[in-house]
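Trainee: build me a model:
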Amino acid sequence: MWSSCHDIAIPQAAHCRHSPDGVRARGRRTGFRHLPQRAGGFSLSYPAGTFAEGPSPSADGGVFVSRDGNARLLAGALPNDGGMGLRDYRAFVLKQSYPDAAIDYAPVRDSWFVLSGTRDGMMFYERVTFTCGGRLINSWAMLYPATERQVYDRIVEQVARTYRPGAASCG
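Mentor: Take a look at the predicted model:
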């Protein structure tokens with residue numbers, strides 16, 4: 001289900017550059033491209049001037065790589081075939097994707113959680129949402145060099161505001 005790119009979990013359907021283009025112009029979003037609801041039903045928008053879609057997007061998600069190759073935006077959905085609970089899945093993600101990370105933001109709610117912090121010089125922000133009564137997991141993450149935090153933290157905030165979990169596959 002999951003593979004690793006820089007030792008960070010990403011959807012297996014996805015395959016593993018820094019420009020402030022499209023981040024803010026006079027206080028409004030510019031150059032954002034909408035990633036429509038796919039099989040998982042989620043949607044989000046991302047700055048197309050900063051990220052280009054990777055070579056093999058799928059209905060389950062995709063990887064978007066910054067123009068300079070230093071940052072990644074990952075979005076995907078996967079079935080929760082094992083019926084893992086939200087808190088157990090959070091523990092799994094922490095152990096598998098972010099061992100020894102310094103976590104600085106980690107809210108947990110009834111159907112979602114966020115993990116954000118630093119590991120080996122890379123910042124990460126991952127939002128995970130359980131939909132369809134926990135049968136489907138929607139997730140997006142942004143990974144970027146800590147040295148470029150000033151640029152990418154703003155992008156994370158904007159992407160987070162546009163993210164909408166979905167239930168298109170609930171049936």
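Trainee: point out where this protein drops to low pLDDT.
Mentor: Within the chain, the ranges that satisfy pLDDT under 70 run 1-30, 36-40, 55-60, 167-169, 171.
Trainee: can you give me the helices in it?
Mentor: Secondary structure of the chain (DSSP state H): helices at 86-97, 149-162.
Trainee: just put these in a markdown table and tack on distance to residue 41 and mean neighbour count.
Mentor: Bear in mind the C-beta positions are built from the backbone N, C-alpha and C, glycine included. Output for the helices of the chain, formatted as a markdown table (distance: least, C-beta to C-beta, whole Å; neighbours: other C-beta atoms under 10 Å):
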| stretch | distance to residue 41 | mean neighbour count |
| --- | --- | --- |
| helix 86-97 | 18 | 15 |
| helix 149-162 | 15 | 16 |
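Trainee: in JSON lines: these, plus distance to residue 79.
Mentor: Listed next are the helices of the chain as JSON lines, based on distance: least, C-beta to C-beta, whole Å:
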{"stretch": "helix 86-97", "distance to residue 79": "12"}
{"stretch": "helix 149-162", "distance to residue 79": "24"}
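Trainee: for residue 124, find the nearest of those.
Mentor: The closest of the helices of the chain to residue 124 is helix 86-97. By C-beta to C-beta, the value is 7.9 Å.
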